[in-house]
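**Q** Just to be clear, the model below is a prediction. Sequence and coordinates:
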Amino acid sequence: MFTKILIANRGEIACRIASTARRLGIQTVAVYSDADAQARHVQMCDEAYRLGPAPARESYLLGDKILEIAQATGAQAIHPGYGFLSENETFAQAALDAGIKFIGPPPSAINAMGLKAESKRLMHEAGVPLVPGYHGADQSPELLAQQAQAMGFPVLIKASAGGGGKGMRIVQSAEEFAAALASCKREAAASFGNEDVLVERYLTRPRHIEIQVFADSFGECVYLFERDCSVQRRHQKVIEEAPAPGMTQERRAAMGAAAVAAAKAVGYEGAGTVEFIAEPDGRFYFMEMNTRLQVEHPVTEMITGLDLVEWQLRIASGEPLPLKQEALQIHGHAIEARIYAESPETGFLPSTGTLNHLRTPHATQFVVDISHPVRIDSGVREGDTISPFYDPMIAKLIVWGSDRNAAIQRMANALHAYEILGLKTNVDFLGRLMTSKPFMEADLDTGLIERDRAHLLPEPAALDDTVLSLAAAAWIALEQKHAPKNADPLSADPFDKRNGWRATLPLERTLQMSAAGSLPTPSAWQELIVSYSAGRSALPSLTLRHTKGTTTCIGSLQWIGEHLSGLAGSQAFQLRPLREADTLHLYGLPGHQAVRVFDPLGVRSAQGQEASRLTAPMPGKVIAVLVSPGQTVKKGEPLLVMEAMKMEHTIHAPADGKVGELPFAVGAQVQEGAALLSLQS
């Protein structure tokens, strides 16, 4: 076994690898960019060395520098994690040439499976079923369009050297093909340095099922069952589970055998994942092979009880596979939810910012043990920043249950206990997903999110009276809790009190509130008239009169640590309120509630000049300007393309108009909220 390894990655996967290495007594070397100098993975490792500035191409993609650090520190092996250099055969070969073990497959296997077109040819020869499509070397737009037309729309364009949902477009008609192809090629070139694509028939209700394989240097290969990764947004996985719901033993054996055949066809070694598209009738087709550990590997660990990173280390050090196929078994059901800094309400655009507040459910970290059925793999802590330079994942939340229903319930409870402030996240969306009828009934396919959009991405609705009343009580209680401590709480002078006491009429005030996410316009406000009644408690009793005529009485308010308890009418409540600027977050209710409190004098109309300026939805780089000043455009027409967090985002015209000033040229870096252009009606 190795005594020291270098981890050529960052974030949660670097922490995950370091955790297993520490358990095995292996020393670890971390590398970091300037953006990650204080990152968690740096502190978890025994040594750490700077690579360069924040952009990956100037840090985590510098293979030569990583090898220099490995040699200087005496690291015997390099674990690449996933992403960055994990599927770069040139780097893998350079490590081997330098006498350093690459913890992954041979460079020849990476090369064979790295180019999708070549891998399809090899799989065809190995007898692995393929989706009908074009995988040829001729990349002329005219030929690609002809091939798409011949196989029939819709089709899927995919980067040949791609992965992770990047460089991928679904095309519904011939009219859309040219623009989608150009965009796909740009994104493929930017992400993988290779703009070649393949075109395949797009299956309208496919399931995404992948098989975990492991092979050793003695020619043995096993499969560690399957994962269902059908629930996706932007062609990227958001929920993974194992085993796949509805999987029969016969189908599992057939898919496992196909996956093993795929691995053996390229002389595979180490951990890999063979991904299949499956149709409702049971037919399945090879899609690609990821020649590395997958983001979702923890669900396989939870149902098998095996540490897959330990298997990687043992196989890379020359040991045989720890278990034979017949010894592998499935225990229970596991689900993983990827918690991202992103806004589901705006097309899942990534969000950047600081984790000002982070409270997680009770869980272990990186532990493979079903006696601890809630696990969190994360590379960030409270106070850390989610930057625009890397993937916006905050954590992977993994749960285990004796069956699928138990796992779903445990996941719902764990998501309910998650608290994150400082940036937008998908936690509430994931909570709704757990109660989605199609998901609960295992009616799974890659279009689930769009099909159940009304439930998963609802329009902001008016707050009900109970939430409105509790929000008002919490807002007032927080005001008093954080008021200046300049009065004597034991004073007999009633004017020293902050519980609403008045010598004549009772204190009254008006609060305007709305559900967070609603447009800040007068029509969105819900108004409450609050009357204070002073009593013995430090906090007042409140009478709340709603605009619809109902009245709610709030009494017995008191703080118990960070929780506010009291009575709403005769109903007892306890919640944990947190204030973030003008937004109040209520935890402890059925679901997280976010309520915005408005100052009527501070509300700016959404009409006029501000509505005519198109702003950057996140920090990023302008990679294409598709219009010119003075040009007339129609509603929905593409105006400009940004690249952020390794994805392309097209800015479309919100209405008909004439293009005004274009302050940014191609290549310009822009901040979130920057005015990209103006559009005059």
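**A** That came through fine. Numbers count the residues shown, from 1 in each chain.
**Q** May I have the phi/psi pair for R404?
**A** Note on R404: backbone dihedrals following degrees, to the nearest 10 are phi -60, psi -40.
**Q** Now for it, how many residues are close by?
**A** 17 (other Cβ atoms under 10 Å). Placement of C-beta: from N, CA and C, glycine included.
**Q** what's near enough to touch the residue lying closest to it once chain neighbours are set aside?
**A** Among residues not flanking R404 along the chain, H333 sits closest, at 4.6 Å (Cβ to Cβ, 6 or more residues apart in numbering). Residues near H333 by Cβ atoms under 8 Å, 6 or more residues apart in numbering: 241-243, 303, 400-404, 406-407.
**Q** go with 7 Å
**A** For H333, the contact set (Cβ atoms under 7 Å, 6 or more residues apart in numbering) comprises 241, 243, 303, 401, 403-404, 407.
**Q** ok, now P373?
**A** With Cβ under 7 Å, 6+ apart, P373 has these contacts: 399-401, 410.
**Q** about what we covered before: considering the contacts of H333, which possesses the most neighbours?
**A** E241 (28 neighbours).
**Q** Looking at that residue now. What's its pLDDT?
**A** What the model reports as pLDDT for E241 is 98.
**Q** in a helix, that's where it is, yeah?
**A** No: according to DSSP: H, G, I helix; E, B strand; the rest coil, E241 belongs to no helix; its state is strand.
**Q** Report the separation between it and R227.
**A** 7 Å (Cβ to Cβ, to the nearest Å).
**Q** Mind listing the shared neighbours of these two?
**A** V299.
**Q** What's the mean pLDDT across the lengthiest strand in the chain?
**A** Longest strand in the chain by number of residues, with DSSP state E as the criterion: strand 221-233. Average pLDDT, strand 221-233: 97.
**Q** Which strands or helices does it pack on?
**A** Using 3 or more Cβ pairs under 7 Å, 6 or more residues apart in numbering; DSSP states H and E, the elements in contact with strand 221-233 are strand 207-215, strand 236-242, helix 249-265, helix 297-304, helix 448-451.
**Q** Parallel or antiparallel, which strands does the first one pair with?
**A** Each strand pairing with strand 207-215, determined using DSSP bridges, is listed with its direction: strand 221-233 (antiparallel), strand 270-278 (antiparallel).
**Q** and that strand with strand 236-242, angle?
**A** 70 degrees (axes from the mean of the first three to the mean of the last three Cα atoms, to 10 degrees).
**Q** Now strand 207-215: average pLDDT?
**A** 97.
**Q** quick one on the thing from earlier: and the helices and strands packed on strand 221-233, which is most packed in?
**A** Highest mean neighbour count among the helices and strands packed on strand 221-233 (mean count of other Cβ atoms under 10 Å): helix 297-304, with a mean of 26.
**Q** which residues sit against the helix or strand that it is followed by?
**A** As assigned by DSSP states H and E, the chain's next helix or strand after helix 297-304 is helix 308-316. Contacting residues not belonging to helix 308-316 are listed as 1-2, 16-17, 20, 24, 77, 101, 103, 214, 216, 269-271, 293, 297, 300-301, 321-322 [Cβ under 7 Å, 6+ apart].
**Q** Strand 221-233 and helix 308-316, what's the angle between them?
**A** 140 degrees.
**Q** Let's test this: mean pLDDT of helix 308-316, rounded?
**A** The pLDDT scores in helix 308-316 average 98.
**Q** go on, stretch 62-79?
**A** On average, stretch 62-79 scores 98.
**Q** and if you look at stretch 190-198?
**A** The average pLDDT within stretch 190-198 is 87.
**Q** What of stretch 513-532?
**A** Per-residue scores along stretch 513-532 average to 79.
**Q** next one: stretch 24-34
**A** Stretch 24-34 comes out at a mean pLDDT of 98.
**Q** export that stretch as CSV, just CAs?
**A** Output of stretch 24-34 as CSV, limited to C-alpha atoms (Å, rounded to 0.1, in the frame of the first residue of the first chain):
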residue,chain,number,x,y,z
LEU,A,24,-5.6,3.7,6.1
GLY,A,25,-2.6,5.6,7.5
ILE,A,26,-1.7,7.2,4.1
GLN,A,27,-0.3,10.7,4.1
THR,A,28,-1.9,13.2,1.7
VAL,A,29,-0.6,16.1,-0.3
ALA,A,30,-3.1,18.8,-1.3
VAL,A,31,-2.8,21.3,-4.1
TYR,A,32,-4.8,24.6,-4.3
SER,A,33,-5.5,27.7,-6.3
ASP,A,34,-5.5,31.2,-4.8
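**Q** which residues are in contact with that stretch?
**A** 1-8, 10, 14, 18, 21, 39, 41-42, 45-54, 59-60, 66, 69, 73, 75, 310, 313.
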